[in-house]
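Colleague: My questions concern the predicted model and sequence given below.
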Amino acid sequence: MPALALTTRAEGVVFCPMGLVLYTACQSRGFVCEWLLEELGTAYEAVRLNLAAGEAKTPAYRSIHPLGAVPALVVDGIPMVESLAICLYLADISKAKELAPSPTNPERQEYLQWMVYAVATIEPMLSKPFVRSLGVEPSLRPGVATDEERASFASVLAPLRERMGSGHMLPSGFSAADVLVASQLYWASQVGLLAGVEDARDYLASMLSRPACVKALEHDGSQEQ
Ligand SMILES: N[C@@H](CCC(=O)N[C@@H](CS)C(=O)NCC(=O)O)C(=O)O
């Protein structure tokens with residue numbers, strides 16, 4: 001397969017090398033994929049697109065992500081999109097790190113459940129306060145969520161509280177499910193949705209202190225949009 005050509009703001013044309021290439025943008029869903037890549041400890045290239053400047057809407061990038069959105073992952077020249085699919089894929093190839101239970105492991109069911117729960121059930125609860133927060137000065141964003149939104153958010157977290165209290169989403173310990181759930185909690189904390197949910201805040205603080213997460217967060221804020 002021929003190498004894909006991409007135009008980026010910084011360098012003009014970039015040819016994707018073989019291996020893992022993550023197309024992302026600062027403060028985007030690409031963060032969760034980058035955190036997982038850091039947990040994997042594998043070599044990867046991150047291409048940071050400036051969404052506001054339209055860098056994701058070029059024909060070249062649309063050959064990777066047809067909607068011109070991030071994230072996208074190119075694996076040995078083959079592109080894939082959707083953050084959840086990318087995370088499921090990365091966790092499955094992380095044999096050495098065991099970030100996902102194998103298909104025959106009894107924990108696989110709960111693992112898949114929390115992976116999907118993070119994106120399909122928790123994430124939609126963030127969207128309204130998040131969109132509202134975009135027009136608000138950063139220091140005031142924690143005040144953006146309404147009482148009703150906070151109460152609804154606490155109710156979708158209720159099934160996770162026992163697991164959060166134990167430190168991990170799976171009984172056996174850290175997995176990609178923690179990365180997915182904690183990423184949603186991280187975004188929720190920015191708009192005040194974790195006010196009063198102490199166990200979620202404690203769990204989030206412990207996840208954010210992981211070296212891989214610290215590194216991904218540094219990258220996530222490394223460029224102004
Ligand atoms: N369901 C997709 C959503 C992708 C998405 O909407 N990404 C945003 C950034 S977080 C984006 O690229 N927005 C720019 C656009 O859609 O034009 C996923 O999880 O990957």
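Modeller: All right, it came through fine. Because the structure is a prediction, the values reported are computed rather than measured.
Colleague: As a check, name the ranges of all strands in the protein.
Modeller: Assigned strands in the chain, in chain order: 5-8, 12-15, 20-24, 45-48, 72-75, 78-81 (criterion: DSSP state E).
Colleague: nearest spatial neighbour of the residue nearest in space to the middle of the chain, skipping sequence neighbours?
Modeller: Nearest to the mean C-alpha position of the chain, counting by Cα atoms, centre = their mean, stands V32 at 1.9 Å. The shortest distance from V32 to any non-neighbouring residue, by Cβ to Cβ, 6 or more residues apart in numbering, is to S183 (4.2 Å). Yep, even glycine has a C-beta here, placed from its N, CA and C like the rest.
Colleague: buried stuff in stretch 137-148?
Modeller: By 16 or more other Cβ atoms under 10 Å, the buried positions in stretch 137-148 come out as 141-142, 144-145.
Colleague: Could you list the buried residues of stretch 105-123?
Modeller: For stretch 105-123, the neighbour count (16+ other Cβ under 10 Å) marks 107, 110-111, 114-115, 117-119, 122-123 as buried.
Colleague: residues in contact with the residue of the chain found nearest the ligand?
Modeller: Relative to the ligand, the nearest point of the chain is A69 (3.1 Å; Cβ to the nearest ligand atom). Residues near A69 by Cβ atoms under 8 Å, 6 or more residues apart in numbering: 56, 81.
Colleague: Need phi/psi at it.
Modeller: Note on A69: its backbone torsions stand at phi -120, psi 170 [degrees, to the nearest 10].
Colleague: returning to that earlier point: gap between the residue nearest to V32 and L36?
Modeller: 9 Å (Cβ to Cβ, to the nearest Å).
Colleague: now do L157
Modeller: From L157 to L36 the distance is 21 Å (Cβ to Cβ).
Colleague: and those two? which has more neighbours close in?
Modeller: L36 (27 against 23; other Cβ atoms under 10 Å).
Colleague: was I right about the more buried one contacting C87?
Modeller: Yes - using Cβ atoms under 8 Å, L36 is in contact with C87, at 5.4 Å.
Colleague: which neighbours do these two share?
Modeller: Common contacts of L36 and C87, defined by Cβ under 8 Å, 6+ apart, comprise 176, 179.
Colleague: Look up the closest residue to L73, ignoring the ones flanking it.
Modeller: Closest residue to L73 apart from its sequence neighbours, by Cβ to Cβ, 6+ apart: I86 at 4.7 Å.
Colleague: What parts of the protein come near the ligand?
Modeller: Within the chain, the positions lying close to the ligand (Cβ under 6 Å from any ligand atom) are 28-29, 51, 56, 67-71, 82-83.
Colleague: so can I have a markdown table of the residues you listed showing pLDDT?
Modeller: A markdown table is the format used below for these (pLDDT from 0 to 100):
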| residue | pLDDT |
| --- | --- |
| S28 | 96 |
| R29 | 97 |
| L51 | 97 |
| A56 | 98 |
| L67 | 98 |
| G68 | 98 |
| A69 | 98 |
| V70 | 98 |
| P71 | 98 |
| E82 | 98 |
| S83 | 98 |
